[in-house]
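Visitor: Make a model of this:
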Amino acid sequence: MTEFIPPGTRWAALPSPFPMKRGGALQDARVAYETWGRLDEARDNAILIVTGLSPDAHAASSAEDPTPGWWQEMLGPGKPIDTDRWFVVCVNSLGSCKGSTGPASVDPATGELYRLRFPDVSIEDIADAAAHVVRGLGIARLACVIGNSMGGMTALALLHRHPGISRAHINISGSARALPFSIAVRSLQREAIRLDPNWNEGRYDESTYPESGMRIARKLGVITYRSALEWDGRFGRVRLESDRPDEEPFGLEFQVESYLEGHARRFVRRFDPNSYLYLSRSMDWFDLAEYADDDVLAALAQIRVERALAIGARTDILFPVEQQEEVAEGLARGGAQSRFVGLESPQGHDAFLVDMARFGPAVGGFLEAL
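Guide: Numbers count the residues shown, from 1 in each chain. Coordinates of the predicted model:
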């Protein structure tokens, strides 16, 4: 498998060796990132964005890469994250296949792909790698760190492990620990990949890619990324117009099935299966409460930021709003001016990517007040 690297990507070298929380270390590792805006003379106008499982560092278009990014409507001149004011850095997670060192990268010790020889990745490792990017850019203290979905976990780990690294925090559809439902869904996704014969204990290539396993894993994910309300309103029980061939019994019949199939097929060859397994498991392992005698609010209270905002969609079943409310409460206990906002978006977990009418003003309003 090859890595999938956007044209505008830059790289930051990590310390070598780079120790991993669960054991092992990386040699000559790197993290991919992109930037927008300009760092001012005081170097105090920087915002860090840490992402969910699958996005790359290309959050928005730039001179180096004019193609739209995954958060195009949120980031740019005059947008909620206004690059006329802020210098914005978006990092690709350590362990990903979008430019950062991960299972799809070449192990310098062997000259071959890491595959399953890659050390176990934790959210804390991803956070530590992001901190090295920030410091490598000469930024002593961020104005704000923004994390969405898995990135919400990464942001909390970053703030907890690197005190004083940011004045403020926006947690979007994130959490301080994984819940049983989310763990169960991700477990099924990983099982689908591992049970595909082409996965072959992580030893696949372009001609033997575990496509069926990745398709099923992606479909399971997409189902949880949106809400039942949206599925019903968007597709109802509408059937496909074309007739199915007799040789395909139990094939696609409803429009919602066709949507999931199309979405999965667009994804599967654009993400490395082993990277998917590693990053998925890192979320299941994450529990900030382990740093405070199994008390998640106490662990959150150990984080020191001046201001915080936790936002979520009330239809989110993967990272339910109770988890963002918990984040806001815990950070307030630590002395932050902290607020929780639950938005009535029908789009579920993915609302922060598509419902700019609701999420944009919440993010923009918070940043304007910094």
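Visitor: Which residue ranges of the chain form helices?
Guide: 123-136, 150-161, 180-194, 211-225, 228-235, 255-268, 273-285, 296-301, 321-333, 351-354, 356-368 (DSSP state H).
Visitor: which residues in the stretch 51-200 of the chain form strands?
Guide: With DSSP state E, counting those that start in this stretch as the criterion, the stretch 51-200 of the chain has strands at 75-76, 81-82, 87-91, 144-148, 168-172.
Visitor: so which of the helices of the chain is the most packed in?
Guide: helix 150-161 (a mean of 27; mean count of other Cβ atoms under 10 Å). C-betas here are computed from N, CA, C, even on glycine.
Visitor: Check which helices and strands that helix sits against.
Guide: The contact analysis (3 or more Cβ pairs under 8 Å, 6 or more residues apart in numbering; DSSP states H and E) places helix 150-161 against strand 46-50, helix 123-136, strand 144-148, strand 168-172, helix 273-285, helix 321-333.
Visitor: angle of that helix against strand 168-172?
Guide: Going by axes from the mean of the first three to the mean of the last three Cα atoms, to 10 degrees, helix 150-161 is angled at 150 degrees with respect to strand 168-172.
Visitor: got the strands of the stretch 51-200 of the chain as a markdown table, with distance to Asp44, mean neighbour count and mean pLDDT columns?
Guide: Shown next, in a markdown table, are the strands of the stretch 51-200 of the chain (distance: least, Cβ to Cβ, whole Å; neighbours: other Cβ atoms under 10 Å; pLDDT from 0 to 100):
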| stretch | distance to Asp44 | mean neighbour count | mean pLDDT |
| --- | --- | --- | --- |
| strand 75-76 | 19 | 24 | 98 |
| strand 81-82 | 16 | 21 | 98 |
| strand 87-91 | 10 | 26 | 98 |
| strand 144-148 | 11 | 29 | 98 |
| strand 168-172 | 12 | 26 | 98 |
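Visitor: Including distance to Glu41, could those go into TSV?
Guide: Listed next are these as TSV, based on distance: least, Cβ to Cβ, whole Å:
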stretch	distance to Glu41
strand 75-76	23
strand 81-82	19
strand 87-91	11
strand 144-148	19
strand 168-172	20
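Visitor: Now tabulate the helices of the chain in JSON lines and tack on distance to Gln27 and mean pLDDT.
Guide: Below are the helices of the chain laid out as JSON lines (distance: least, Cβ to Cβ, whole Å; pLDDT from 0 to 100):
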{"stretch": "helix 123-136", "distance to Gln27": "14", "mean pLDDT": "98"}
{"stretch": "helix 150-161", "distance to Gln27": "22", "mean pLDDT": "98"}
{"stretch": "helix 180-194", "distance to Gln27": "27", "mean pLDDT": "98"}
{"stretch": "helix 211-225", "distance to Gln27": "29", "mean pLDDT": "95"}
{"stretch": "helix 228-235", "distance to Gln27": "45", "mean pLDDT": "85"}
{"stretch": "helix 255-268", "distance to Gln27": "30", "mean pLDDT": "88"}
{"stretch": "helix 273-285", "distance to Gln27": "18", "mean pLDDT": "98"}
{"stretch": "helix 296-301", "distance to Gln27": "32", "mean pLDDT": "98"}
{"stretch": "helix 321-333", "distance to Gln27": "35", "mean pLDDT": "98"}
{"stretch": "helix 351-354", "distance to Gln27": "35", "mean pLDDT": "96"}
{"stretch": "helix 356-368", "distance to Gln27": "38", "mean pLDDT": "98"}
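Visitor: Can you check which of these gets nearest to Gly24?
Guide: helix 123-136 (10.0 Å; Cβ to Cβ).
Visitor: Let me know the angle separating that closest one from strand 46-50.
Guide: 150 degrees.
Visitor: Other residues contacting helix 123-136?
Guide: The contact list for helix 123-136 (Cβ atoms under 8 Å, 6 or more residues apart in numbering) reads 12-15, 18, 20-21, 29, 31, 33, 46, 48, 50, 89, 91, 93-95, 100, 142, 150, 153-155, 157-158, 161-162, 165, 282-283, 285-286.
Visitor: swap in stretch 171-178?
Guide: So stretch 171-178 is contacted by 146-153, 155-156, 283-289, 296, 299-300, 308-313, 316, 319, 323-324, 326-328, 330, 349, 351-352, 359, 363 (Cβ under 8 Å, 6+ apart).
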